[in-house]
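> Here's a sequence, model it:
(chains A and B)
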Amino acid sequence: MRKSSQVVMGVISLATVVTGFEVGANAKSNSFTAGPTTPTDTGTPTSNPTGSTTHTPTKSPTGSPTTTKTPTTNPTPTDTQPPSDSVTKTSDPIYYRYGTVQLSVTKTGSQITDISMIQAGATQGRGGAFPYLIQLALDAQSGNFDTSMMSGATFTTDAFMQALDSALSQF
Amino acid sequence: MEEFRHLEYCMGTAFQYWGRSEFDAAEVKRAITQSTLVLHEADEMFSLYKHFSPLSRLARGEVSMSRLPEEVEYIWNECEKCEKETEGWFSAMTPQNTFDPSGLVKSWATQRAANKLTELGITDFAINAGGDILLSENISAGKPKRIGVSKPISIASEDSGALLVLDLNDSEFHAVATSGNTERGEHIWNPKAGREKANQLLQVTVVAKDIITADVFATAAFAAGTQADSFINRHRDKLEAMVVDLNGNVFATAGFSELISPV
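The predicted structure follows:
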């Protein structure tokens, strides 16, 4: 007989653990402004904290991202005028199986403050991961956990990070 | 102490290195190159996507195991061991009865890549192997020991992000692995149900002392589906775990809950 931990699997309330980590808002625009924000700052919680079903279950994972939205449109981040001491570099265009990726990175001092897609010609919704990857790159330098150290189902990579590396290597 | 980061593409995913070292940048780079070489060697040997890899040749029956590098037999034996330890829920045999050890190879290679880095004098680091995380024995306390766990939805979805953060600072755990169908579709077999794919859960996250245990048991618990909770409870001497069912309900061991920290 094990000790008191016999009944160990219990429901834990999602309300206590769900965070306001909202990438979705960013997915609507290609410009990611104003530098380091902790994940909790980025918006209202996306899930309702009832402790019950909060996510729309991804019922039929086909292997390819289902988001059809690709951040291909309005590639001009005009609204956000970067601070005067910031520097922007543009990556080489990265050609890959599903299209072309090119992005620009703005740094203020040593901080990445903005990443914009210049080209994101992914097909079949594969570009849907780009907003996530941008957020990952931005958050990696702030907050109280490093978002590059996030555990999840094994993801497949595409050209995004190559493009990011390409831009960063120019600083 | 200089902080370093490195991203290496291998096995169809990204390996993210983070660490701190007193070495200069060139020395760090050399050490990381050595470490990533270990990953690529494993990929060359075990990839079933590479037509002429030793494992592909073995699968086609072109060559016997005794004529292949000793690592192949080692992995074969390790897979058998894992199958026993997991009560059969982890299996490297496909429904077609071919040997596919990819469920073990990535974390095994990651552990070896980490050992290489340690051997070369870098001891304060973490590696995120496409979603499965290894923390070195001597990793700095604080933020590096705080690990996010992804929501059980694809990172390509609009509201993807962290479901929660685990704080491993005061624990003995050095690995976090997550299994699920959210990124690559149904790719895990239920070894006890013939040709069926495992699809009774959204996601399983396992925390353990080492990445191989975490990865193998996350895969096994995911395959166990509705039996995951009792399976996990039987193995709590070596892990803590969290399960998200198809309705989005989150279940966790008490020990896992204690690790949860505010984002």
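
> tell me what the longest helix along chain B is packed against?
Longest helix in chain B, counting residues (DSSP state H): helix B:25-46. Helix B:25-46 sits against strand B:2-10, strand B:13-21, helix B:54-59, helix B:70-85, helix B:102-119, with contacts defined as 3 or more Cβ pairs under 8 Å, 6 or more residues apart in numbering or on different chains; DSSP states H and E. The way it works is simple: take the backbone N, C-alpha and C, and place the C-beta from them, glycine included.

> tell me which residues in stretch B:107-119 are buried?
Residues of stretch B:107-119 classed as buried: B:107-114, B:116-118 (neighbour count, 16 or more other Cβ atoms under 10 Å in any protein chain shown).

> ok, and what's touching that stretch?
Residues outside stretch B:107-119 that contact it (Cβ atoms under 8 Å, 6 or more residues apart in numbering or on different chains): B:11, B:15, B:19, B:31-32, B:34-39, B:42-43, B:75, B:78, B:123, B:125, B:127, B:129, B:132, B:134, B:136-137, B:177, B:210-212, B:214-216.

> ok, back up a step: out of the helices and strands packed on helix B:25-46, which gets nearest to A:Thr100?
strand B:2-10 (17.7 Å; Cβ to Cβ).

> Contacts for the closest one, please.
Identification of contacts with strand B:2-10 by Cβ under 8 Å, 6+ apart yields A:140, A:148, A:157, A:161-162, A:165, B:14-25, B:28, B:32, B:36, B:39-40, B:43.

> Could you pick out the buried ones from those?
A:140, A:148, A:157, A:161-162, B:14-21, B:23, B:28, B:32, B:36, B:39, B:43.

> Got the confidence number for residue 73?
Using chain A here. Confidence at A:Thr73, expressed as pLDDT, is 43.

> Can you look at chain B instead?
B:Glu73 is given a pLDDT of 94.

> do B:Met93 as well
Reported pLDDT for B:Met93: 88.

> For it, give the beta-bridge partners.
B:Phe99 (DSSP bridges).

> Could you double-check that it lies in contact with B:Phe99?
Yes: contact criterion Cβ atoms under 8 Å: B:Met93 and B:Phe99 qualify, at 6.5 Å.

> Output the helices and strands packed on helix B:25-46 as JSON lines; include the columns distance to B:Asp167.
Shown next, in JSON lines, are these (distance: least, Cβ to Cβ, whole Å):
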{"stretch": "strand B:2-10", "distance to B:Asp167": "20"}
{"stretch": "strand B:13-21", "distance to B:Asp167": "17"}
{"stretch": "helix B:54-59", "distance to B:Asp167": "38"}
{"stretch": "helix B:70-85", "distance to B:Asp167": "28"}
{"stretch": "helix B:102-119", "distance to B:Asp167": "21"}
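
> hey, least reliable of those by pLDDT?
In terms of average pLDDT, strand B:2-10 trails the rest of the helices and strands packed on helix B:25-46, at a mean of 86.

> Report the buried residues of it.
Buried-residue list, strand B:2-10, by 16+ other Cβ under 10 Å: B:4, B:6-10.

> again, but for stretch B:248-263
Across stretch B:248-263, burial judged by 16+ other Cβ under 10 Å covers B:248-253, B:255-257, B:259-261, B:263.

> what stretches of chain A score poorly on pLDDT?
A:1-84, A:96-99, A:120-147, A:155-161 (pLDDT under 70).

> Span of stretch A:104-117 from start to end?
Terminal residues of stretch A:104-117 are spaced 7 Å apart (Cα to Cα, to the nearest Å).

> Show me where the stretch 101-250 of chain B has its helices.
Assigned by DSSP state H, counting those that start in this stretch, the stretch 101-250 of chain B shows helices spanning B:102-119, B:211-224, B:228-234.

> and those helices as a markdown table, adding distance to B:Leu202?
Shown next, in a markdown table, are the helices of the stretch 101-250 of chain B (distance: least, Cβ to Cβ, whole Å):
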| stretch | distance to B:Leu202 |
| --- | --- |
| helix B:102-119 | 19 |
| helix B:211-224 | 9 |
| helix B:228-234 | 11 |
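
> do you know which of the ones you listed lies nearest A:Val105?
Using Cβ to Cβ, the nearest of those to A:Val105 is helix B:102-119, at 27.4 Å.

> number of nearby residues for the residue of the stretch 1-150 of chain B at minimum distance from chain A?
Relative to chain A, the nearest point of the stretch 1-150 of chain B is B:Ser150 (2.9 Å; Cβ to the nearest Cβ). Each residue near B:Ser150 was counted by other Cβ atoms under 10 Å in any protein chain shown, and the total is 27.

> Now do it against A:Met149, distance only.
Computed as Cβ to Cβ, to the nearest Å, the B:Ser150 to A:Met149 distance reads 11 Å.

> mind checking how far A:Asp85 is from chain B?
Plainly put, A:Asp85 is 22 Å away from chain B if you go by Cβ to the nearest Cβ, to the nearest Å.

> can you tell me which residues contact that residue?
A:108-109.

> mind checking how far it is from A:Thr113?
On the measure of Cβ to Cβ, A:Asp85 and A:Thr113 end up 10 Å apart.

> gap between B:Glu62 and B:Leu55?
Between B:Glu62 and B:Leu55 the computed distance is 11 Å (Cβ to Cβ).

> Same drill for those two, tell me which one is more crowded.
Shown here are B:Glu62 and B:Leu55; by other Cβ under 10 Å, B:Leu55 has more neighbours (23 against 11).

> Could you double-check that the more buried one sits in contact with B:Glu44?
No: assessed by Cβ under 8 Å, B:Leu55 is found out of contact with B:Glu44, at 9.7 Å.

> three-state assignment of the closest residue to A:Val105 other than its chain neighbours?
Leaving out its chain neighbours, the residue that sits closest to A:Val105 by Cβ to Cβ, 6 or more residues apart in numbering or on different chains is A:Ala167, at 4.2 Å. At A:Ala167, secondary structure determined by DSSP: H, G, I helix; E, B strand; the rest coil is helix.
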